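S.K.: attaching a predicted model along with its sequence, questions to come.
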Amino acid sequence: MPKIMVSIADDSMTDVPRIVADLRRAGLAVDEVFEALGTVTGSIATDAVDALMAVPGVKAIEWQRDDYRPAT
């Protein structure tokens, strides 16, 4: 399953635990929750991503790139 990063809206930062629970119910296999940053990482089936955007408090979803390599 593809890896994604979910950004939480600034005005929903106090609801992070509820949002994470809602993301899980929507199909996200949560890897990490960065509460202070307002981001959640995990993986989900490609055809289920729209369900994540419907979760109240979700600002954006970004696909993680597997081929990222830092510049040397």
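M.R.: Alright, I've got the coordinates. Being a predicted model, the structure only gives us computed values, none of them experimental.
S.K.: how about the nearest residue to Met1, chain neighbours excluded?
M.R.: Closest residue in space to Met1, ignoring its immediate chain neighbours: Ser43 at 4.0 Å, by CB to CB, 6 or more residues apart in numbering. From N, CA and C alone the C-beta is placed, and that goes for glycine too.
S.K.: report the contact partners of that neighbour.
M.R.: 1-4, 28-29, 31 (CB atoms under 8 Å, 6 or more residues apart in numbering).
S.K.: swap in 7 Å and give it another go.
M.R.: Neighbouring residues of Ser43 by CB atoms under 7 Å, 6 or more residues apart in numbering: 1-4, 29.
S.K.: now render those residues as JSON lines, adding secondary structure and neighbour count.
M.R.: What follows is the contacts of Ser43, written out as JSON lines (DSSP: H, G, I helix; E, B strand; the rest coil; neighbours: other CB atoms under 10 Å):
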{"residue": "Met1", "secondary structure": "coil", "neighbour count": "12"}
{"residue": "Pro2", "secondary structure": "coil", "neighbour count": "12"}
{"residue": "Lys3", "secondary structure": "strand", "neighbour count": "15"}
{"residue": "Ile4", "secondary structure": "strand", "neighbour count": "19"}
{"residue": "Ala29", "secondary structure": "strand", "neighbour count": "12"}
